[in-house]
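> 3D model of this:
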Amino acid sequence: MSFDLIIKNGTLVTASSTYRADIGIKGGKISAIAETLEGENIIDAKGKLVTPGAIDTHVHLEMPIGKYTSTDDFYTGTKAAAFGGTTTIIDFVETRENQTFVEALEMRKSLAKKRSIIDFGLHMTIMPHDIKKLDQVQAAVEAGCRSFKIYMAYGNRLNDGEILLAFEAIGEAGGLPIVHAENWDAITTLIDKNLNEGNRGPEWHTRSRPAVLEAEAVGRVIDLATYAGVPVHIFHISCPEAIERVKNARIQGHFVTAETCPQYLCLTDEVFEAEGVEGALPICSPPIRGIIDQMELWEYLSSESFHTISSDHCPFTVGEKAEGLDAFNKVPGGVPSIEMRFPAIYSRGVRDGFLTVNQWVDLCCTTPAWLFGLENKGDIQVGKDADLVVFDPEKTVVLSETSLHEEAGWTPYKNMSITGWPEVTISRGEVIVKEGKCYGEKGRGQFI
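Take a look at the predicted model:
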């Protein structure tokens with residue numbers, strides 16, 4: 001058999017095994033895995049790990065939030081993702097009030113298709129004005145959008161009754177609800193209390209969103225999902241109190257899965273103590289918490305209580321962040337993590353002894369593909385898409401706004417040293433990043 005490309009001499013890492021083999025690629029698919037394969041177009045992966053392409057199931061590219069729009073568009077964001085070994089993302093769709101789910105999906109899909117260099121999927125957001133459209137959920141699923149975002153915070157939050165109605169509609173359509181879980185009524189009360197007392201600095205962001213209130217909301221949404229008889233996925237868990245609710249629910253037999261993010265695993269609330277705008281830059285929600293919370297999250301990851309690690313990439317410029325310096329609640333929330341996510345979890349997780357290499361791949365590649373129905377992604381198997389990463393486990397990169405490829409012009413991980421970095425990123429058999437250069441063309445990404 002002839003191949004378009006062969007990856008030779010690498011150590012293959014999947015969610016379940018680690019072994020030495022060659023991979024033959026043809027027509028954008030993995031067509032052979034064998035001890036030795038021969039051909040003309042070869043990438044020598046000796047001394048390197050070969051993993052599935054990473055999957056980031058929670059990103060916000062060119063996303064309007066109030067008067068701001070997240071700084072990375074579908075080109076710059078997916079380019080940065082590819083440099084970090086990510087070959088598939090899932091972003092979001094939001095409808096206008098008089099727009100159907102399918103119409104909104106087609107608009108967002110068209111925008112992403114023009115710019116993305118990697119494959120992408122889309123979650124549908126259900127907002128208060130969408131409750132009257134719940135009979136359209138089935139059509140959205142049939143159009144290729146099988147997961148539905150529900151907020152328990154901000155202006156687009158649903159109340160408990162609306163959440164229940166949404167869960168029932170999503171369950172009937174065979175979809176998966178995904179939830180931003182925080183107790184918004186209590187949080188806004190604490191925000192107002194702190195501002196009235198003159199507590200306006202960025203450190204009061206975390207203090208206005210205590211862990212116990214995140215955990216309460218996670219427990220409440222699990223109870224609502226249990227009553228509705230639907231599975232549920234909890235986004236960006238930041239504290240041990242919340243993941244403990246998920247763990248206990250699973251012990252009781254409920255289908256609940258959970259995500260955390262690099263900012264909760266690599267940063268602590270000390271970042272808010274920096275002077276001026278530097279202290280406001282890392283504001284995101286749920287908030288970055290203390291070192292004890294961080295270490296306990298790693299322990300929960302190690303014991304397989306979490307199922308995915310996504311970036312929740314949603315950056316804004318320094319100038320936009322600075323507009324909220326007079327009050328922490330005015331700072332647009334979100335941090336850039338789309339490029340560093342996959343290698344950082346290797347460096348901090350595997351090299352520091354919290355995770356095995358197989359758990360790393362499972363959390364960043366395999367379970368995300370399974371959970372969100374990406375049947376041809378997330379694993380190294382014959383017949384799957386040839387989405388692969390040649391990963392150098394010894395390469396060290398010091399993170400900065402110049403070493404990364406995101407557009408925000410800053411990174412909360414500045415000066416963090418990461419050991420382990422992608423050398424080659426392959427999407428559907430095409431080399432899109434190699435040795436620090438991007439070869440992926442704008443618009444080559446496919447909607448999944």
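
> how about Asp130, what does it touch?
Contact analysis of Asp130 by CB atoms under 8 Å, 6 or more residues apart in numbering lists Thr95, Phe101. Every residue, glycine included, has its C-beta placed from N, CA and C.

> now Val397
Pro343, Ser403, Ser417, Ile418, Trp421.

> one more time with 6 Å, if that's ok
Each residue near Val397 by CB atoms under 6 Å, 6 or more residues apart in numbering is listed here: Ser403, Ile418, Trp421.

> cool, Met416 as well?
Counted by CB under 6 Å, 6+ apart, Met416 has contacts Leu399.

> and if you look at the one 4 residues further on?
When contacts are counted by CB under 6 Å, 6+ apart, Gly420 is found next to Pro343, Tyr346, Ser347, Pro393.

> tally of neighbours for the second one?
The reference is to Tyr346. Residues lying near Tyr346 (other CB atoms under 10 Å) number 27.

> which residue packs closest to it, ignoring adjacent ones?
Gly420 (4.2 Å; CB to CB, 6 or more residues apart in numbering).

> please, which helix or strand holds that neighbour?
strand 417-427 (DSSP states H and E).

> what is the burial count for Thr226?
Thr226: 17 neighbours (other CB under 10 Å).

> look up how far Ile234 lies from the residue nearest to it when sequence neighbours are not counted.
Closest residue to Thr226 apart from its sequence neighbours, by CB to CB, 6+ apart: His254 at 5.4 Å. Going from His254 to Ile234 by CB to CB, to the nearest Å gives 12 Å.

> higher neighbour count, those two?
Ranked by neighbour count (other CB under 10 Å), His254 and Ile234 place Ile234 first, with 28 against 15.

> can you pull the pLDDT of the closest residue to Pro262 other than its chain neighbours?
Excluding the flanking residues, the one nearest Pro262 by CB to CB, 6+ apart is Ser337, at 4.6 Å. Ser337 is assigned 98 on the pLDDT scale.

> swap in Gly324?
Reported pLDDT for Gly324: 86.

> list the strands paired with the helix or strand bottoming out on mean pLDDT in the chain, with their directions.
Here the helix or strand of the chain ranked lowest by mean pLDDT, DSSP states H and E is strand 64-65, holding a mean of 88. Looking at strand 64-65 with DSSP bridges, its partner strands are strand 68-69 (antiparallel).

> run the chain-centre distance for the strand it pairs with.
The chain centroid and the centroid of strand 68-69 are separated by 19 Å, computed with CA atoms, centre = their mean, to the nearest Å.

> one more: stretch 44-54?
Using CA atoms, centre = their mean, the offset of stretch 44-54 from its chain centre is 22 Å.

> tell me the spatial nearest neighbour of the residue of the chain most remote from its centre, not counting adjacent residues.
Outermost residue of the chain with respect to the C-alpha centroid, by CA atoms, centre = their mean, is Met1; its distance is 37.5 Å. Leaving aside its sequence neighbours, Met1 sits nearest to Ala32 (CB to CB, 6+ apart; 6.5 Å).

> could you list the buried residues of the helix or strand harbouring the one you found?
Using DSSP H and E, Ala32 sits in strand 29-34. For strand 29-34, burial by neighbour count (16 or more other CB atoms under 10 Å) applies to Lys29, Ile30, Ser31, Ile33.

> any chance of those in a markdown table, plus distance to Asp312 and pLDDT?
As requested, the buried residues of strand 29-34 are exported to a markdown table (distance: CB to CB, whole Å; pLDDT from 0 to 100):
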| residue | distance to Asp312 | pLDDT |
| --- | --- | --- |
| Lys29 | 31 | 98 |
| Ile30 | 30 | 98 |
| Ser31 | 35 | 98 |
| Ile33 | 34 | 98 |
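
> so which of the residues you listed comes closest to Thr125?
Lys29 (32.8 Å; CB to CB).

> distance check, the closest residue in space to the closest one that isn't next to it in sequence against Glu430.
Distances taken as CB to CB, 6+ apart put Ala386 closest to Lys29, at 5.7 Å, once the chain neighbours are dropped. To Glu430, Ala386 is 8 Å away according to CB to CB.

> higher neighbour count, those two?
Between Ala386 and Glu430, counted using other CB under 10 Å, Ala386 has the larger neighbour count: 26 against 18.

> go ahead and confirm that one touches Gly429.
Yes: counting by CB atoms under 6 Å, Ala386 does reach Gly429; the two are 4.1 Å apart.

> mutual contacts of the two, please.
The contact lists of Ala386 and Gly429 share Ile25, Gly28, where a contact means CB under 6 Å, 6+ apart.

> with adjacent residues omitted, what lies nearest to the residue minimising distance to the centre of the chain?
Most central in the chain under CA atoms, centre = their mean is Ser310, positioned 2.4 Å from the mean C-alpha point. For Ser310, ignoring the flanking residues on the chain, the nearest one in space by CB to CB, 6+ apart is His58 at 3.7 Å.

> that neighbour and Ile309 touch, don't they?
No: His58 lies out of contact with Ile309 (CB under 6 Å); the separation is 9.5 Å.

> who has more neighbours, those two?
Ile309 (29 against 26).

> against Ile222, how distant is the residue nearest to the more buried one when sequence neighbours are not counted?
Excluding the flanking residues, the one nearest Ile309 by CB to CB, 6+ apart is Leu363, at 4.8 Å. Remark: distance between Leu363 and Ile222 (CB to CB) = 21 Å.

> looking at these two, which has the bigger crowd around it?
For Leu363 versus Ile222, neighbours defined as other CB under 10 Å are more numerous around Leu363 (25 against 22).

> for the more buried one, which three-state class applies?
Three-state call for Leu363 (DSSP: H, G, I helix; E, B strand; the rest coil): helix.

> show me where the stretch 201-350 of the chain has its helices.
203-207, 211-228, 240-251, 262-266, 277-280, 291-302, 318-322, 341-345 (DSSP state H, counting those that start in this stretch).

> packing partners for the longest one?
Read that as helix 211-228. helix 160-172, helix 240-251 (3 or more CB pairs under 6 Å, 6 or more residues apart in numbering; DSSP states H and E).

> with mean pLDDT and mean neighbour count added, can I get those in CSV?
What follows is the helices and strands packed on helix 211-228, written out as CSV (pLDDT from 0 to 100; neighbours: other CB atoms under 10 Å):
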stretch, mean pLDDT, mean neighbour count
helix 160-172, 98, 19
helix 240-251, 98, 20
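
> spatially nearest residue to Ile131, not counting backbone neighbours?
Glu162 is the one closest to Ile131 (CB to CB, 6+ apart), at 5.2 Å.
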